[in-house]
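In: coords below, sequence missing:
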């Protein structure tokens, strides 16, 4: 399954919203009703960390300014008000089937 | 508290075998897939493969002919071997604990392949 993210780079102003898109080459919707799409953030110098699973479920401890949506093949990660600690590279990943595959990443940086 | 501590050779010559081990603490092996993922500038994040506590494995078809992932629950570790490496295998390699709705990553280890 091929994962395509956009944009490649996203300059943002603190306090402003940001939106990242991810598209899969085939539907990630499983019979259980979940779309198997996850979002990760890799902060500079760190390992990736899981933010969102099953398209829209925030991991415990993730701020509620992060919201995932979408189903099937089209997904979006929105940050309602970007903070400086949110900089890094965001990746979507499909976990429907192996091999798990990742999008190319979106680099979020502060203007 | 879960900890994944990985170790192995950081520099290899072409045609050698990459060997990495991940020591696991603070977690049962049951209920998780113990996974290797690599990250290179050219190919981004690439899933290499996984093993469960019983030793059942799944590999990325693109690497399957060269990869072996194994688990030793008595030693609380799992391992990656990648044979016949080339410069294209230069990457940061992560060991990762994958649950139904969780991903816990190790800190990563840079492996460089150079003659």
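Out: On my side now, so go ahead. Only a predicted model underlies this, so the values are computations on that prediction, with no experimental measurement involved.
In: what sits against residue A:18?
Out: Shown in contact with residue A:18 (CB atoms under 8 Å, 6 or more residues apart in numbering or on different chains): A:10, A:12, A:78, A:79, A:82, A:86, A:108. Just so you know, the C-beta spots here come from the backbone N, C-alpha and C atoms, and that holds for glycine as well.
In: possible to save those residues as TSV with distance to residue B:29, pLDDT and secondary structure?
Out: Converted to TSV, the contacts of residue A:18 look like this (distance: CB to CB, whole Å; pLDDT from 0 to 100; DSSP: H, G, I helix; E, B strand; the rest coil):
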residue	distance to residue B:29	pLDDT	secondary structure
A:10	39	98	strand
A:12	41	97	strand
A:78	36	98	strand
A:79	36	98	strand
A:82	39	97	coil
A:86	34	98	helix
A:108	35	98	strand
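In: Now for those, which sits with the most neighbours around it?
Out: When neighbours are counted by other CB atoms under 10 Å in any protein chain shown, residue A:79 leads these with 22 neighbours.
In: need the contact list for that one.
Out: A:12, A:17, A:18, A:19, A:65, A:66, A:67, A:86, A:108.
In: and with 10 Å instead?
Out: Neighbour list for residue A:79: A:10, A:12, A:16-20, A:41, A:51, A:63, A:65-67, A:86, A:90, A:108 [criterion: CB atoms under 10 Å, 6 or more residues apart in numbering or on different chains].
In: same check, this time on residue A:111
Out: Shown in contact with residue A:111 (CB under 10 Å, 6+ apart): A:10, A:11, A:12, A:13, A:14, A:16, A:82.
In: What pairs with the helix or strand encompassing the second one, parallel or antiparallel?
Out: It refers to residue A:11. Using DSSP states H and E, residue A:11 falls within strand A:9-12. Strand pairing for strand A:9-12, determined by DSSP bridges: strand A:106-110 (parallel).
In: Show me which residues of the partner strand are buried.
Out: Neighbour-count burial for strand A:106-110 flags A:106, A:108 (criterion: 16 or more other CB atoms under 10 Å in any protein chain shown).
In: Name the residues that touch it?
Out: With CB under 10 Å, 6+ apart as the test, strand A:106-110 has contacts from A:5-14, A:18-22, A:41-42, A:77, A:79, A:82-84, A:86-92.
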